[in-house]
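Here is a sequence with its predicted model. Questions after.
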Protein chains: 4
Amino acid sequence: MSASSYTYLGPEGTFTEAALRTLPEAATRELVPMVSVQAALDAVRAGKAAAALVPIENSVEGGVTATLDELATGEPLMVYREVVLRIAFALLVRPGTKLSDVKTVTGHPVAQPQVRKWLAAHLPEAQWESAASNADGARLVQEGRYDAAFAGEFAAATYGLEPLVTDIHDARNAETRFVLAGRPARPSARTGNDRTSLVVWLRDDHPGALMELLQEFSARGVNLTWIESRPTGEGMGRYCFSIDCEGHITDRRVGETLMGLKRICPKVRFLGSYPRAGTEGGRQGAQPRPGTSDSDYAAAADWLARCLDGRA
Amino acid sequence: MSASSYTYLGPEGTFTEAALRTLPEAATRELVPMVSVQAALDAVRAGKAAAALVPIENSVEGGVTATLDELATGEPLMVYREVVLRIAFALLVRPGTKLSDVKTVTGHPVAQPQVRKWLAAHLPEAQWESAASNADGARLVQEGRYDAAFAGEFAAATYGLEPLVTDIHDARNAETRFVLAGRPARPSARTGNDRTSLVVWLRDDHPGALMELLQEFSARGVNLTWIESRPTGEGMGRYCFSIDCEGHITDRRVGETLMGLKRICPKVRFLGSYPRAGTEGGRQGAQPRPGTSDSDYAAAADWLARCLDGRA
Amino acid sequence: MSASSYTYLGPEGTFTEAALRTLPEAATRELVPMVSVQAALDAVRAGKAAAALVPIENSVEGGVTATLDELATGEPLMVYREVVLRIAFALLVRPGTKLSDVKTVTGHPVAQPQVRKWLAAHLPEAQWESAASNADGARLVQEGRYDAAFAGEFAAATYGLEPLVTDIHDARNAETRFVLAGRPARPSARTGNDRTSLVVWLRDDHPGALMELLQEFSARGVNLTWIESRPTGEGMGRYCFSIDCEGHITDRRVGETLMGLKRICPKVRFLGSYPRAGTEGGRQGAQPRPGTSDSDYAAAADWLARCLDGRA
Amino acid sequence: MSASSYTYLGPEGTFTEAALRTLPEAATRELVPMVSVQAALDAVRAGKAAAALVPIENSVEGGVTATLDELATGEPLMVYREVVLRIAFALLVRPGTKLSDVKTVTGHPVAQPQVRKWLAAHLPEAQWESAASNADGARLVQEGRYDAAFAGEFAAATYGLEPLVTDIHDARNAETRFVLAGRPARPSARTGNDRTSLVVWLRDDHPGALMELLQEFSARGVNLTWIESRPTGEGMGRYCFSIDCEGHITDRRVGETLMGLKRICPKVRFLGSYPRAGTEGGRQGAQPRPGTSDSDYAAAADWLARCLDGRA
């Protein structure tokens, strides 16, 4: 592993690797699979890698708590890029295997609920056993331990298997979002279709504190795209919030919102502004509310300056 | 009248003159009574006077609409000072008159509701007739047209009368607030106990527009001290709002609130920031909400700058 | 005056009388002019009249404070009907007078700002003197004291005058709203296009109290059509609010709002629900927000009942 | 398993069993361990058991997504009781084992982060391998596969082991909350210190929808104790919210809040009202905000009825 390499949640052949390979900047780097989200991120923290790609959210399973907690605590990291990958499984088999030959299947535990209906319809008799990862499942098929594995179609070549059936998924629109995290530096450049991520701790859990926090966003017309509560570890009922919102820290409405949060919350961790990926189920970011564009901010600041000079 | 004079709502001997004389800067100026609020303000607009003192609010009668409307429309003016005067009447008579001699009384129409109970208790038989002003009433007593006039005790000397009874008032805490208005210039210096006045027009009367407007204040912890709706003259149901809030335009929470209003409202008129006068019935301005002081703002701006540099 | 008569703000020939005559129920009643808003309302309170019509709001001058204060304090009254009258003046003269003959004009002081521009354009030399009411002005023209009076065209016949010019108004859409107030009884029947009036006192002037009050409306999708602050008479900075909102007390969103206000405010005075009059400058009441109709309320109450029974 | 039995997330000897045994009503029932949260709840749905105890939230790990998702979807269930259990581990060994003998340790994967610091300090050389559950780990120690297992002290007897060290935990105040879920029926009786659980879906993800949802609570003074977003499975960016609040459905402020949510949200699932357990890190439920008690509600309803009769 070199200081310029990218780590990712391994092993090879997982959806995370597939997501990483969609990034142009990954083409010229060494890509290093790691055994856990924490290991992938710690390599970045230690300066052994330039960045790490880890899953943060799945449209079926929800937030990836290991990633959320690693980003919220410990040595700070920042997000520079996101990748949204549609999740569809292939049934990988050794060359020559027919569907009627499949008596045992494997895959990562989180794959199981996403293929359950397909299994019930097409392989009702097959026995399922979990593997440590989808890629590991493929390896176990290669070794002859199981007849078939659910994994990404791209994993077939790595393990000398064939995709017998492709595009298997119980839920339409199943997607996983991944983030590329690096050591703190200047945020990614504004593109006009950006997302900003942060973690916010509430003051003393006073009643209405969450409303106050959300009011900082709504008062400035900044839309939340995700909010997830996480325990702070200080006992039941103590939470922090992982929040994603539309816009870039250099958008003035976003900057003012961040400053507002900073003033009322005991702790705010800025996790980065970066280009939004994917279509999020076909939906685009909402139009900014009237009065919240940068030019509205500039005009209002000019007006205030004129008021201070008696020239309004 | 010289360009350095102060006009005021006359005639001589009114409460407005008494209020004006409490201002140290009035001591060295020519003070010119005018026949109406409009006349007093127009003299300033025309450059014939430096400033005008006019009543804006009475704790019994409410807002003085002539003043509110003049400040909201026409050539802009700004408020640099306010005076709060406790309103208590004296019963002024010609020297030698006894209470039992008083058969007819006069005074300004707005004085009547403020002395009604006193009249019923002490002069139940006396006939009331209105005068154009309290001072005019005093003049009419001087001329022998009435036996007594309700006016400020300070008016006695001007008209050769004696205060037979003093400190007459039906409502405890009756006060009138006056403002000193001049042509637009730099606001008065911040004192730490200031008031800011403005007029705000709502966008298209859309439902909830008033809530949105107030949210600009509450989101930044700025307390309103007064809000008064005034018709815009464009038909029933069209209003603008005269608003006073705590704080000075150079307080960052106030400046940010003003900019927020400017962004969401089609029109905002800044009427000035100036030292608060009086105790407002014994109440002080509330403590700023945590997280809204200038140092909180500065700390948050520093933090944002560090986020932009990747050093948060 | 009989107990079934209607009083109104007199004298005869005023806009108030004209407004009253638009009410079908006035056709069969004795209509009694009174010298003041208070006198008109006190006759009702004393049982000497069934109801009183008084002006409450003018689109140029704003709220009629005498009416607002009388309805807010003293023996309670309730509003059962409103009338919105377009205000346009006629220039009334003795028969035979030509425009070039008019050297002196009169009218109520509030008429003056509404005809100022017309006067400047058509009678720039004419002298204005105020009369106690528009009708009084007409009487003084009849008596030969002035050459012309601004009044409603309908006042001409009463005073043997002729309308020389009609439809005079500086502001387009000038309207006055009048309310018919009676002793407390069941509110007027719901029509589906109603208004509800109330007076609300705030708790201890605590910061944000006005926001809380307005939140009771906005949380239930009830639109305010008017809010006017009035001093409580307890000193500067102490206000109550006269509020009009869309809807009828029997609309469940309105009833729930009223109960919400009752719970958080030290004092609420319900002034009635009654059919909306006029078009308010062409604007209709907004559509109720989704989820706030009576059927939405009924469905939610049914659902709650099922939850309580374990059948949701 | 009988229809009156209680299922729980097994196997025997887990913290879930320990939590279940704290409930008096469990003493007389057959307690049946199940292999998964889903299996435990499905047994209840199928009428094979009366209720199931499952973990819902851990103060270190956060929400238990299997439980949240099972309660949010599928055949409805309701919560009747909660148990909060302090989580501290014992190091279980075969009788006679000394700390210096321990070379290999096991336990459930979620136990590992909770004992990591203790391990580093006391058994820095020991090898960790995960077991399917803490109880399974104990069984594997009994079988001689590992030298020691982290589990609840209460599991020692079941597996013929001894607690070598007790009260092991890295985070102070580590607690897990469990809920007892049954088929829908009348909610548990109100105790005055209750919690209400629900799942709420937002309308069309429109901007500000979450604020509107929270306003239904805040407008009625109902405090949230927990909010957790969960994907709906319809694609990235589509969430529902699992929410806990203070109070009982029969508290009128809670009932009105529920009805408000029902009106504005496309779907609300009421999961029950039940007595709050534990002290939640020493914090008590906040005092209800003034104006939100049942007697305030009753007084306001009485007042509204009087308004409707003209007797307010």
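Ah, there it is.

Check which helices and strands the least confident helix or strand in chain A by mean pLDDT sits against.
Averaged element by element with mean pLDDT, DSSP states H and E, chain A has its least confident helix or strand at helix A:209-218 (a mean of 87). Using 3 or more CB pairs under 8 Å, 6 or more residues apart in numbering or on different chains; DSSP states H and E as the contact definition, the elements that helix A:209-218 packs against are strand A:239-246, helix A:252-264, helix D:209-218. Placement of C-beta: from N, CA and C, glycine included.

what inclination does the shortest one have with respect to helix A:252-264?
Right, the one you point to is strand A:239-246. Counting by axes from the mean of the first three to the mean of the last three CA atoms, to 10 degrees, strand A:239-246 lies at 170 degrees to helix A:252-264.

Just checking: what are the partner strands of strand A:239-246?
The strands that strand A:239-246 pairs with in its sheet are strand A:194-201 (antiparallel), strand A:224-231 (antiparallel) (by DSSP bridges).

Could you report the neighbour count for A:Gly192?
Per other CB atoms under 10 Å in any protein chain shown, the neighbour tally for A:Gly192 reads 10.

circling back to that earlier point, so how far is the least confident helix or strand of chain A from its chain's centroid?
Its chain's C-alpha centre and that of helix A:209-218 lie 24 Å apart, by CA atoms, centre = their mean, to the nearest Å.

Check stretch A:219-236 too.
That offset, for stretch A:219-236, works out to 16 Å (CA atoms, centre = their mean).

can you check stretch A:140-147 too?
31 Å.

Check stretch A:180-197 too.
Using CA atoms, centre = their mean, the offset of stretch A:180-197 from its chain centre is 13 Å.

JSON lines for the helices and strands packed on helix A:209-218, including mean neighbour count?
Formatted as JSON lines, these follow (neighbours: other CB atoms under 10 Å in any protein chain shown):
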{"stretch": "strand A:239-246", "mean neighbour count": "23"}
{"stretch": "helix A:252-264", "mean neighbour count": "24"}
{"stretch": "helix D:209-218", "mean neighbour count": "20"}
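
ok, stretch A:160-180 near chain D or not?
Yes. Counting by CB under 8 Å from any CB of the partner chain, chain D is contacted by stretch A:160-180 at A:171-175, A:177.

Show me what counts as buried in that stretch.
Buried residues in stretch A:160-180, counted by 16 or more other CB atoms under 10 Å in any protein chain shown: A:161, A:163-165, A:168-171, A:173-180.

Show the pLDDT at the residue in the stretch 51-200 of chain A positioned nearest to chain C.
As assessed by CB to the nearest CB, chain C sits closest to A:Val200 within the stretch 51-200 of chain A, at 22.1 Å. The score at A:Val200 is 96. That number is its pLDDT.

Tell me the bridge partners for it.
A:Phe241, A:Val268.

Now do the buried residues in stretch A:10-28.
In stretch A:10-28, counting by 16+ other CB under 10 Å, buried: A:10-20, A:23, A:26.

I'd like the average pLDDT over it.
Averaging pLDDT along stretch A:10-28 yields 93.

do that stretch and chain D meet at all?
No. Using CB under 8 Å from any CB, stretch A:10-28 stays clear of chain D, with a minimum separation of 13.3 Å.

How about the residue lying closest to A:Thr65 once chain neighbours are set aside: which residues does it bridge to?
Among residues not flanking A:Thr65 along the chain, D:Gly62 sits closest, at 5.9 Å (CB to CB, 6 or more residues apart in numbering or on different chains). Listed beta-bridge partners, D:Gly62: D:Asn58 (assigned using DSSP bridges).

any idea how far D:Trp226 is from D:Gly62?
Distance of D:Gly62 to D:Trp226, given as CB to CB, to the nearest Å: 10 Å.

Please apply the same query to A:Glu256.
For A:Glu256, the distance to D:Trp226 - CB to CB - is 29 Å.

Can you flag the weakest of the strands paired with strand A:239-246 by average pLDDT?
Among the strands paired with strand A:239-246, strand A:224-231 carries the lowest mean pLDDT (a mean of 90).

Report the inter-axis angle for it versus helix D:209-218.
50 degrees.

what does strand A:224-231 contact?
Strand A:224-231 is contacted from outside by A:57, A:62-63, A:65, A:68-69, A:72, A:195, A:214, A:217, A:238-246, A:280, D:57-63, D:210, D:226-229, D:237, D:239, using CB atoms under 8 Å, 6 or more residues apart in numbering or on different chains.

try 6 Å this time
The contact list for strand A:224-231, computed with CB atoms under 6 Å, 6 or more residues apart in numbering or on different chains, reads A:63, A:68, A:217, A:239-245, D:59, D:62, D:227-229.

element containing the residue of the stretch 51-200 of chain A found nearest chain D, please.
As assessed by CB to the nearest CB, chain D sits closest to A:Asn173 within the stretch 51-200 of chain A, at 3.3 Å. Assigned by DSSP states H and E, A:Asn173 belongs to neither a helix nor a strand.

per-residue pLDDT, the residue lying closest to A:Trp303 once chain neighbours are set aside?
Using CB to CB, 6+ apart and skipping residues adjacent in sequence, the residue nearest A:Trp303 is B:Lys262, 5.2 Å away. In this prediction, B:Lys262 carries a pLDDT score of 95.

and B:Lys262, how far is that from A:Ala300?
For B:Lys262 relative to A:Ala300 (CB to CB), the value is 4 Å.

Then A:Gly152?
Counting by CB to CB, the separation of A:Gly152 from A:Ala300 is 50 Å.

Between the two, which is the more surrounded one?
Neighbour count, other CB under 10 Å: between A:Gly152 and A:Ala300, A:Gly152 has more, with 25 against 22.

Contacts only, for that one.
A:15, A:18.

go with 7 Å
A:Gly152 is in contact with A:15, A:18, A:90, A:134, counting by CB atoms under 7 Å, 6 or more residues apart in numbering or on different chains.

C-alpha coordinates for stretch A:9-16, CSV please?
Written as CSV, here are the backbone C-alpha positions of stretch A:9-16 (Å, rounded to 0.1, in the frame of the first residue of the first chain):
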residue,chain,number,x,y,z
LEU,A,9,-14.1,-2.3,2.1
GLY,A,10,-12.9,-5.6,0.7
PRO,A,11,-12.5,-8.2,-0.3
GLU,A,12,-12.0,-7.9,-4.1
GLY,A,13,-15.1,-8.4,-6.1
THR,A,14,-17.5,-6.6,-3.8
PHE,A,15,-19.9,-3.9,-4.8
THR,A,16,-17.6,-1.4,-3.0
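
A:Leu140: what secondary structure?
helix (DSSP: H, G, I helix; E, B strand; the rest coil).

Now it: closest residue in space that isn't a chain neighbour?
Nearest one to A:Leu140, counting by CB to CB, 6+ apart, is A:Tyr146 at 5.4 Å.

Just the pLDDT at that neighbour, thanks.
95.

Pull up the residues of chain A that are close to chain B.
Within reach of chain B by CB under 7 Å from any CB of the partner chain, chain A has these residues: A:78, A:184-187, A:215-216, A:219, A:249, A:255, A:258-259, A:262-264, A:270, A:291-292, A:296, A:300-301, A:303-304, A:307-312.

go again using 8 Å as the cut-off
So chain A meets chain B at A:76, A:78, A:184-187, A:215-216, A:219-220, A:249-250, A:255-256, A:258-260, A:262-264, A:268-270, A:290-292, A:296-297, A:299-301, A:303-304, A:307-312 (CB under 8 Å from any CB).
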